[in-house]
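> mind folding the following:
(4 chains, ligands or ions: 4)
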4 protein chains.
Amino acid sequence: MAEIGIGLVGGGYMGKAHAVAMSSVGALFGTELRPRLEMICGASPASSDRYRVAYGFARAAPDWQTLVADPAVEAIVIASPQDTHRAIAEAAFALGKPVFCEKPLGASLDDSAAMVAAAQASGCVNMVGFNYIRTPASQYARDLLAQGRIGDVTWFRGEHTEDFYADPDTPGTWRAQGEANGTLGDLAPHMVNGARALMGPIAQVMAVAQTAHATRGGVPVTNDDQAQMMCEFENGVMGHLFFSRVATGRKMGYAYEIHGTKGAIRFDQEDQNAIWLYLAEGPEAERGFRKILTGPAHPDYLPFCQGPGHGTGYQDQIIIEARDFLHAIATGAPVWPTFAEGHAVNQVIDAARRSNATRNWQIVAT
Amino acid sequence: MAEIGIGLVGGGYMGKAHAVAMSSVGALFGTELRPRLEMICGASPASSDRYRVAYGFARAAPDWQTLVADPAVEAIVIASPQDTHRAIAEAAFALGKPVFCEKPLGASLDDSAAMVAAAQASGCVNMVGFNYIRTPASQYARDLLAQGRIGDVTWFRGEHTEDFYADPDTPGTWRAQGEANGTLGDLAPHMVNGARALMGPIAQVMAVAQTAHATRGGVPVTNDDQAQMMCEFENGVMGHLFFSRVATGRKMGYAYEIHGTKGAIRFDQEDQNAIWLYLAEGPEAERGFRKILTGPAHPDYLPFCQGPGHGTGYQDQIIIEARDFLHAIATGAPVWPTFAEGHAVNQVIDAARRSNATRNWQIVAT
Amino acid sequence: MAEIGIGLVGGGYMGKAHAVAMSSVGALFGTELRPRLEMICGASPASSDRYRVAYGFARAAPDWQTLVADPAVEAIVIASPQDTHRAIAEAAFALGKPVFCEKPLGASLDDSAAMVAAAQASGCVNMVGFNYIRTPASQYARDLLAQGRIGDVTWFRGEHTEDFYADPDTPGTWRAQGEANGTLGDLAPHMVNGARALMGPIAQVMAVAQTAHATRGGVPVTNDDQAQMMCEFENGVMGHLFFSRVATGRKMGYAYEIHGTKGAIRFDQEDQNAIWLYLAEGPEAERGFRKILTGPAHPDYLPFCQGPGHGTGYQDQIIIEARDFLHAIATGAPVWPTFAEGHAVNQVIDAARRSNATRNWQIVAT
Amino acid sequence: MAEIGIGLVGGGYMGKAHAVAMSSVGALFGTELRPRLEMICGASPASSDRYRVAYGFARAAPDWQTLVADPAVEAIVIASPQDTHRAIAEAAFALGKPVFCEKPLGASLDDSAAMVAAAQASGCVNMVGFNYIRTPASQYARDLLAQGRIGDVTWFRGEHTEDFYADPDTPGTWRAQGEANGTLGDLAPHMVNGARALMGPIAQVMAVAQTAHATRGGVPVTNDDQAQMMCEFENGVMGHLFFSRVATGRKMGYAYEIHGTKGAIRFDQEDQNAIWLYLAEGPEAERGFRKILTGPAHPDYLPFCQGPGHGTGYQDQIIIEARDFLHAIATGAPVWPTFAEGHAVNQVIDAARRSNATRNWQIVAT
Ligand SMILES: NC(=O)C1=CN([C@@H]2O[C@H](COP(=O)(O)OP(=O)(O)OC[C@H]3O[C@@H](n4cnc5c(N)ncnc54)[C@H](O)[C@@H]3O)[C@@H](O)[C@H]2O)C=CC1
Ligand SMILES: NC(=O)C1=CN([C@@H]2O[C@H](COP(=O)(O)OP(=O)(O)OC[C@H]3O[C@@H](n4cnc5c(N)ncnc54)[C@H](O)[C@@H]3O)[C@@H](O)[C@H]2O)C=CC1
Ligand SMILES: NC(=O)C1=CN([C@@H]2O[C@H](COP(=O)(O)OP(=O)(O)OC[C@H]3O[C@@H](n4cnc5c(N)ncnc54)[C@H](O)[C@@H]3O)[C@@H](O)[C@H]2O)C=CC1
Ligand SMILES: NC(=O)C1=CN([C@@H]2O[C@H](COP(=O)(O)OP(=O)(O)OC[C@H]3O[C@@H](n4cnc5c(N)ncnc54)[C@H](O)[C@@H]3O)[C@@H](O)[C@H]2O)C=CC1
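Ligands and ions are numbered 1, 2, ... in the order given. From the prediction side, this is the model:
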């Protein structure tokens, strides 16, 4: 069983999730390559060392430059803020090292364009961290669509809603500042990716973004609290996407609803182990949305548990990502979602921003 | 207990519902005025007589003109197609008789404008049949909003979705022909009314309508299968409305979701006896959407049953309308929704049609 | 259209429900016999007259004897307390008049035995008011079972739970006194009837009853707050029934769950317009409980509404009963549930009481 | 950070789960002791080596005796069949090594009694693998009860239902043979433990067990497919437990419902990230079961994710167990559930078996 030395940049929310994933992915999925927790770094030498101890890495790096350059670091996971993504990825690719980067891909469209270019120039494995589309339920939804199980799709509605800023008295942090940290910048990428994964590319959008609460703690808020967009997919299907961080009561409202000529699918991440399927078959009297509990019959469930309905959780999505990343490295075959997907998502967000500014439909660049 | 002679035009889907409502509203609500099922008519003398027998009216009229003019007919209920609404209402108002008219109010904006004018000129009681907003649950939602129970509202999402045309092989009928019978014409009015009732007037809309299946049984479809609109309410709140008759799996998808700074409300007519309320109060650990079952503590429930959770149904909404209509007649005080509301709803639909044509935001005329 | 003069005893909770039902059943179901609200009486001449006015009856009777004897009263509906049921029914049968009696049938096993005997001796139509089993959903459940749609049944769980006495500080009324008003006496009959309707006769039971709160307002409570029984049906299937008036949070918890070799059914009256069906067919990945919304494809729904998912409510169950009662009279053919069913239910309750006393399994007498 | 060498017996369903848990628990919970995957064994040297490779252990043992005796193995996890539990545990305790043992504790009451004695004699840390009670939701349910949040409890209903044997044509394996592998032996322990954890000890039971399908593949089935028991807790509360492996449609039906004088709790493991709480406070109109999504405000959630509603899964329960086991070892303080709990659960099962045989209530031995 070959090993591979992992270098992890960032040890916060997602850094921890990736550290844990790299610890258990081998035992869980029996990967060809077994990750060795080689090196970790944070924003300072002190935090790097704290992370090393906490997550059980062999060594801490004083900064990401050192980490990327270290010869025992054979693959890089970027879990630091988006404005650091590009430089780290470019450095890694320059050294011919595979990179997994958290979403969104970079802090701007320029960033993601450059990152795709660097990845392609290097020929290295590259992936971006859209984890929600990887639950067994959402993977199964993709399968159902691919098989035409619900016929020709006629409508898609997606949302990513949370409520961490629902209370106007919640003081503003960096989250309330800067385009990249608003809902279009921060929350939208997951569901834009989801919509693309389920439906295919988005051709054009008509969007509105809104700052629901103009100030927080007396300080002006400079980005959007919620945004919606009507969209037309390249296949002609009409849809609607909504993003909000002020959606009181919603904790992890990554949810979608898809109508087809022969059936329909509904999903809500808040009950991630169920997918609702309606099939327009059999006697009318017996038709209804069925609540299917994920189990061994669905993608990527069995390694977590032999019993159906026993459920997977948030951390498990990150483990699935780790499996895919390692598999791509082991085989050399790219695994979706590559950086190209991360950039394509940014293109949709960019069109939405343009639309919000002009109050007109905008074509998504490709 | 004073009686009032009812004349009912139409004995189909809604005509029957109103006949039944007028039969039981007195016993149920103990109304001041007790309806006497005086006269009914359909599209032909034969159908009129059939309806008379079926619903237990005293007499059948050969046509609506006769019915409206009959001196024993003291109040008119219009449950015939929309292109008949205006003439009937105008004739009734000319004779000083109160009118209840099914939704939508008339077949066009001209119709509804004329009907409002005629109603106002006559000083007669006038109401329009927006029944869904009258369930105990939706009335309670209105109360919660009026009391500010969920704080300042930041988002409204509404839909009215059904699937009777989801199968492209379903042959086309009159429903597939003519603007007034498409989703904007036929399904949208209920939820536009609902949105207005819950949120207040809509200032502007950006809409798209779509014919999902271009032909039915070889015949071109000339109206829309689904439509969506982004909207801005007069109070500045952003929202989204969706209407569809091809929403596979949805049977009575009159549903809404409202976010406020202190709470949230969710409702779906398919489970009409429950309303979901989230309150951002108490310890975080105890917060969640609560499924409130309607009961005697909610508006207009008690007359139907002393026990909570025992439930009301579709027909009961029509009985509540009948109570309101009789009460308006008895007291002379107008009861919402009057014809003015029916016309205001048509104004929103009209703006949506203009927006769909121009692909631009359109102001709702008032 | 032939008329029939109805005499209604009682004008409280259920008296009102039957008055309303008799008012609208003709229009709704197009019954062969059209009820004429001939006479009503309550516990006193004053209340009788109040009911007459409120519900729109032609005449009030000073007492039930007068009502039963009146020649224009051609059918009797008993909606007065259970200790009055027997005398009224016997008087009516003696005059050859059909009787509909609210549940439970009489105040004791002696009562119901005598009432069955009187009914049979008279040859008159007789029915008992088990309304919950008559929703479109529960009728459909019966159909599914009868067709073997879920295979051989292996388990039945039923409950009837409410919470009107959940708070120990709720003062005691007559409800807290006397066996007939405890949960076994008052709540259990509906679900015992339901279990029998769905599963067939119960052979033996092992029951425990309990007074959760010994006193109310300082006064000793003399009946049970909750009771459970394990049961064995005549077909060998094992089951469990639970009844409670202290089930905090439950408002109308008439609910059941049935396992079969090829499927399963779940139902809860608190969402009476849905029935959950699991079928062990098709690919494993697509299996799940489907939430079927009642509609025209289900029993007794269409007369209430042409659209599926529009829903029926509590009052509608009573209208369905009225239709059945009138139909039995019109055709002379008995309609289930006759008094025999009411007595059979009482037999089960009696066995449960014996079991509770002896702490042993008890055979249900037949 | 101190390390501890783990020896794992068994590499099947649960062996894998514990291997994964030991791999990630350190990074996840920042445990004082960091597990080192020292040695693993299965039923044969070949399987031992296969497991070593698959799960990343340092060494494989030819048999459990070697593993237990190895000086680098400092703590033992038993995930082999129940008839092996006792010998392994006794050997480990004899060497003064802490033991975590999968449920049920041993294959018989004798086994568990001996194991408790051996554990106590040794003074070693001992735990048993009741994982379902450790979800954030169920831990929170325990907290709510401990705080009296729902008042005095009046009723408990629990079930553990699955459907892997629902189809009578499913061929019989070892699962269909022997008391220990029937529902009372295999499924019941989890929920008996759950009932005890939530409600306290069970005083007496009245149980029935049943073999729903007498043969499988022509071979007689020698254990029970389903069983139910009425029970009385030591605190006087009445309850009911049900266990089934033929509960068609149920995949992980570990579910409970608790009524109290001031509230109620409902939980179903099939939606493990939600707990339903009803509180009898505030205006009647606002009361309802609230669906609380687990989050950082609930026990043992935060280490898995900073965001509420993001969810934990089956594997995470095993990680929580590992944390507790390591913590007990590090501190020397016993962590519930110790072997004593495993034995107490077996006592309840034993009483149920006696009751099933005698058809009488049976006292639970202590
Ligand atoms: N896929 C998902 O579900 C989520 C993805 N994210 C994404 O993950 C990335 C990280 O976000 P969080 O973990 O939430 O942030 P965080 O603030 O919790 O952690 C950021 C980490 O980056 C480190 N860091 C900052 N600057 C650095 C530098 N110059 N060099 C090395 N390390 C540096 C910090 O020390 C810290 O450990 C972001 O791109 C974010 O958008 C965040 C949350 C959820
Ligand atoms: N509030 C609600 O939930 C619903 C409202 N509606 C509205 O109710 C109205 C009637 O629709 P439905 O009952 O579905 O139609 P329907 O086709 O079932 O019945 C129409 C009735 O009008 C009668 N009619 C037609 N032309 C007539 C004429 N010139 N004079 C007298 N009677 C005439 C027909 O004989 C028939 O009895 C429409 O305005 C429709 O939009 C319809 C369905 C639901
Ligand atoms: N099917 C169902 O869902 C329900 C059935 N019931 C049953 O309906 C029956 C009546 O119960 P409620 O309506 O709840 O009681 P209630 O107390 O609301 O009404 C009882 C009525 O009987 C009248 N009454 C009493 N003694 C009388 C007498 N000697 N002669 C004539 N009238 C007399 C009273 O004036 C009153 O109108 C009972 O048998 C009860 O078990 C009650 C509630 C629900
Ligand atoms: N907590 C939970 O949710 C669950 C607990 N269990 C319990 O876990 C234990 C193991 O069950 P499963 O993992 O399902 O069984 P399994 O059949 O999947 O695995 C059993 C393992 O034990 C090994 N084994 C058998 N005999 C052995 C011996 N003499 N020496 C060393 N290894 C031996 C086998 O090689 C195999 O790796 C049982 O006690 C069972 O009741 C099982 C499933 C779920």
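
> all contacts plus neighbour counts: C-alpha atoms, from now on.
Noted.

> using PDB, list the CA coordinates for the longest helix anywhere in chain A.
Under DSSP state H, the helix in chain A containing the largest number of residues is helix A:339-358. Extracted in PDB, the C-alpha atoms of helix A:339-358 (Å, rounded to 0.1, in the frame of the first residue of the first chain):
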ATOM      1  CA  PHE A 339     -10.600  23.700 -11.100                       C
ATOM      2  CA  ALA A 340     -12.500  24.100 -14.400                       C
ATOM      3  CA  GLU A 341     -15.700  23.600 -12.500                       C
ATOM      4  CA  GLY A 342     -14.700  26.100  -9.900                       C
ATOM      5  CA  HIS A 343     -14.000  28.700 -12.500                       C
ATOM      6  CA  ALA A 344     -17.300  27.900 -14.300                       C
ATOM      7  CA  VAL A 345     -19.200  28.500 -11.100                       C
ATOM      8  CA  ASN A 346     -17.400  31.800 -10.700                       C
ATOM      9  CA  GLN A 347     -18.500  32.700 -14.200                       C
ATOM     10  CA  VAL A 348     -22.100  32.300 -13.200                       C
ATOM     11  CA  ILE A 349     -21.600  34.400 -10.100                       C
ATOM     12  CA  ASP A 350     -20.000  37.100 -12.200                       C
ATOM     13  CA  ALA A 351     -22.900  37.100 -14.600                       C
ATOM     14  CA  ALA A 352     -25.200  37.500 -11.600                       C
ATOM     15  CA  ARG A 353     -23.300  40.500 -10.300                       C
ATOM     16  CA  ARG A 354     -23.500  42.100 -13.700                       C
ATOM     17  CA  SER A 355     -27.200  41.400 -13.900                       C
ATOM     18  CA  ASN A 356     -27.700  42.900 -10.500                       C
ATOM     19  CA  ALA A 357     -25.900  46.000 -11.600                       C
ATOM     20  CA  THR A 358     -27.700  46.400 -14.900                       C
END
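
> got the buried residues for that helix?
Using 16 or more other C-alpha atoms under 10 Å in any protein chain shown as the test for burial, helix A:339-358 gives A:339-356.

> then stretch A:27-45?
By 16+ other C-alpha under 10 Å, the buried positions in stretch A:27-45 come out as A:27-42.

> do the same with stretch A:129-148
A:129-142, A:144-145.

> state the distance from whichever residue of the stretch 1-150 of chain A sits closest to chain B to ligand 2.
Relative to chain B, the nearest point of the stretch 1-150 of chain A is A:Ile150 (9.2 Å; C-alpha to the nearest C-alpha). As judged by C-alpha to the nearest ligand atom, to the nearest Å, A:Ile150 and ligand 2 stand 28 Å apart.

> what about the residue nearest to that residue when sequence neighbours are not counted, neighbour count?
Using C-alpha to C-alpha, 6 or more residues apart in numbering or on different chains and skipping the chain neighbours, the partner closest in space to A:Ile150 is A:Gly263 (4.0 Å). Around A:Gly263 there are 24 other residues, counting by other C-alpha atoms under 10 Å in any protein chain shown.

> wait, A:Gly263 sits on A:Gly282?
No. Under the criterion of C-alpha atoms under 8 Å, A:Gly263 makes no contact with A:Gly282, lying 11.9 Å away.

> ok, back up a step: and the residue of the stretch 1-150 of chain A closest to chain B, what are its phi and psi?
Per-residue torsions, A:Ile150: phi -110, psi 20 (degrees, to the nearest 10).

> ok, it - contacts?
Residues near A:Ile150 by C-alpha atoms under 8 Å, 6 or more residues apart in numbering or on different chains: A:Leu144, A:His259, A:Gly260, A:Thr261, A:Lys262, A:Gly263, A:Ala264, A:Ile265, A:Leu279.

> break chain A down into its structural domains.
A:2-132, A:136-308+A:344-358 (automatic domain parsing).

> just the ones in strands from the contacts of A:Ile150, please.
A:His259, A:Gly260, A:Gly263, A:Ala264, A:Ile265, A:Leu279 (DSSP state E).

> burial of the residue nearest to the first one when sequence neighbours are not counted, as a residue count?
Counting by C-alpha to C-alpha, 6+ apart, the nearest residue to A:His259 once its immediate chain neighbours are dropped is A:Trp155, at 5.2 Å. For A:Trp155, the count of nearby residues is 25 (other C-alpha under 10 Å).

> check A:Ile4 too.
19.

> if I look at it, how far off is D:Met191?
43 Å (C-alpha to C-alpha, to the nearest Å).

> go on, A:Gly342?
From A:Gly342 across to D:Met191, the span is 46 Å (C-alpha to C-alpha).

> also A:Gln317?
For A:Gln317, the distance to D:Met191 (C-alpha to C-alpha) stands at 29 Å.

> repeat for A:Ala89
50 Å.

> do A:Phe130 as well
Distance from A:Phe130 to D:Met191, counting by C-alpha to C-alpha: 37 Å.

> so who does A:Gln204 touch?
Contacts for A:Gln204 (C-alpha under 8 Å, 6+ apart) come out as A:Cys231, A:Glu232, A:Phe233, A:Ala351, A:Trp361, A:Gln362, A:Ile363, A:Val364.

> how about a cut-off of 7 Å?
Residues in contact with A:Gln204 (C-alpha atoms under 7 Å, 6 or more residues apart in numbering or on different chains) are A:Cys231, A:Glu232, A:Trp361, A:Gln362, A:Ile363, A:Val364.

> same deal with A:Asn181?
Contact analysis of A:Asn181 by C-alpha under 7 Å, 6+ apart lists A:Arg175.

> no more questions from me, cheers.
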